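*Asks:* generate a structure from the sequence data that follows.
(one chain, ligands or ions: 2)
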Amino acid sequence: MPKEPDLKKRKTAITSNIEHSEDAGKTLHHHDRTILIDVKQALQKLGEIPLVDYYIKIYRKYIRDFKKKSVFTATDDAYCTDIRECNYCHTTEDSQISCYCLECQIFICDNCVIEHRMKNKNHNNFYRPEILRGYKLAYSWTPSPYSRIVDFKFMVADIVAILHIDKLCTYNLTGRLINYLSITMDQENSRIACINDCKIAVTVPSNNLIQILTILASTTLTDLRTPEETKMTGGVTCRMDILYVAFSDAIRLMDLSGIIQRVVNIPGVKLLHSVNNDKMLCVYNKFDSVKTVSCLDCTNDSLYFFERFPFHPDDVTTDDVGNIIFTEDGVIWHADSDGKNIKIIMSPIPYYEYEKITYNKDLKCLITNNGYDDVTEYRKLE
Ligand SMILES: [Zn+2]
Ligand SMILES: [Zn+2]
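*Replies:* Ligands and ions are numbered 1, 2, ... in the order given. Predicted coordinates:
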């Protein structure tokens, strides 16, 4: 069995105490900028520039979440009780008030949050921490310390493929490493799709490249080149051994030898998620399109646009009965299969943000990462 190289851990020991203290944000706050500069200089000497970016990201996140926390944990001395009511329906039910709009400086209840987002698409919203609805916490583990997670997907049963900034790894749900391979990728835009129980596709938009990894006794890698004149966005999914690859102008259907079989004229898609053999969710890039999410019927190429869906999810999946689960603003949302009845189901503890999600239909299990190195597993309540 391959072992994790420990080179990375040794190099990054300088940040370990701070990143992994119980309250990284507070530590950062106390040490303030001096330590940030010291660590930056030290890391630059070590040639670990990506880690400097990572460290700065943690600091920025702390500042943002510090504001969020203070909104929802202020005592009545700081906030009059009559301010803590929904600005729209005026409910004062504390458990219902999950959102605070920074621009409007108002509290908004769960029932009114979609309405507010429809009217104010660019407002910054903060959410009450530690919401957990319809799921229970099962397990939390750190797959590869100090190696940021770019994407992950369930492959089969309890095996999950995790794309780190420098490698693709497979783990079981207890966090045990099964296999890994160093590959190149785009740190922001690479995405993975599971083709079958032992094959994974990884998109590398900056190189017009799709890498196919076969993970059996040994791991093999095949490169598929995409046309030079096209621009991949990173979005990818697989349906019946055909890769659906998102480009800025269209979705291209490729077989596993890299031959383009068909072009579906849907531009501006950044994420693709195969729901089942008939349906596929398309999430549009907010900078390219006013549309947010649509559902493609693969049997006849018809497209159903979600109306009143004021989100451009950072990641999307579907549960065992076809409900849509997605992340945006660092919290996890739930919608019916037609994009209606949207509600928040999970929000992280202070200083964290949920980023990626994947769901295993057999285990009724959702895993998510919290913006640092940790993966958390939730089980659906029956
Ligand atoms: Zn309300
Ligand atoms: Zn607002």
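
*Asks:* which residues sit against stretch 255-266?
*Replies:* Stretch 255-266 is contacted from outside by 195, 199, 210, 212, 224-227, 241-243, 250-254, 282, 294, 296, 301, 303, using C-beta atoms under 8 Å, 6 or more residues apart in numbering. Any C-beta I mention is one placed from the backbone N, CA and C, and that applies to glycine too.

*Asks:* which ones among those residues lie within strands?
*Replies:* Those of these mapping onto strands are 195, 199, 210, 212, 224-225, 242-243, 251-254, 282, 294, 296, 303, per DSSP state E.

*Asks:* narrow those to just the buried residues.
*Replies:* Neighbour counting with 16 or more other C-beta atoms under 10 Å marks 195, 199, 210, 212, 224, 242-243, 251-254, 282, 294, 296 as buried within the ones in strands among the contacts of stretch 255-266.

*Asks:* now narrow the ones in strands among the contacts of stretch 255-266 to whatever sits close to ligand 1.
*Replies:* Among the ones in strands among the contacts of stretch 255-266, no residue lies close to ligand 1 (C-beta under 5 Å from the ion).

*Asks:* can you tell me which residues in the stretch 51-200 of the chain are near ligand 2?
*Replies:* Checking the stretch 51-200 of the chain against ligand 2 by C-beta under 5 Å from the ion, the hits are 101, 103-104, 120, 123.

*Asks:* can you list those residues in JSON lines and add pLDDT, secondary structure and neighbour count?
*Replies:* Output for those, formatted as JSON lines (pLDDT from 0 to 100; DSSP: H, G, I helix; E, B strand; the rest coil; neighbours: other C-beta atoms under 10 Å):
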{"residue": "101", "pLDDT": "92", "secondary structure": "strand", "neighbour count": "18"}
{"residue": "103", "pLDDT": "91", "secondary structure": "coil", "neighbour count": "10"}
{"residue": "104", "pLDDT": "92", "secondary structure": "coil", "neighbour count": "14"}
{"residue": "120", "pLDDT": "92", "secondary structure": "coil", "neighbour count": "14"}
{"residue": "123", "pLDDT": "92", "secondary structure": "coil", "neighbour count": "12"}
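
*Asks:* wait, which of those residues is closest to residue 339?
*Replies:* residue 120 (19.2 Å; C-beta to C-beta).

*Asks:* residues of the chain that sit close to ligand 1?
*Replies:* So far as C-beta under 5 Å from the ion goes, the chain lies against ligand 1 at 86, 88-89, 109, 111-112.

*Asks:* export the residues you listed as TSV, with columns for pLDDT.
*Replies:* Compiled in TSV, those are given as follows (pLDDT from 0 to 100):
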residue	pLDDT
86	92
88	92
89	93
109	93
111	92
112	95
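
*Asks:* what subset of these is buried?
*Replies:* 86, 109, 112.

*Asks:* look up how far residue 323 lies from the last one.
*Replies:* Yep, that's residue 112 we're talking about. Taking C-beta to C-beta, to the nearest Å as the measure, residue 112 and residue 323 are separated by 22 Å.

*Asks:* end to end, how far does stretch 136-151 reach?
*Replies:* In stretch 136-151, first residue to last residue: 23 Å (C-alpha to C-alpha, to the nearest Å).
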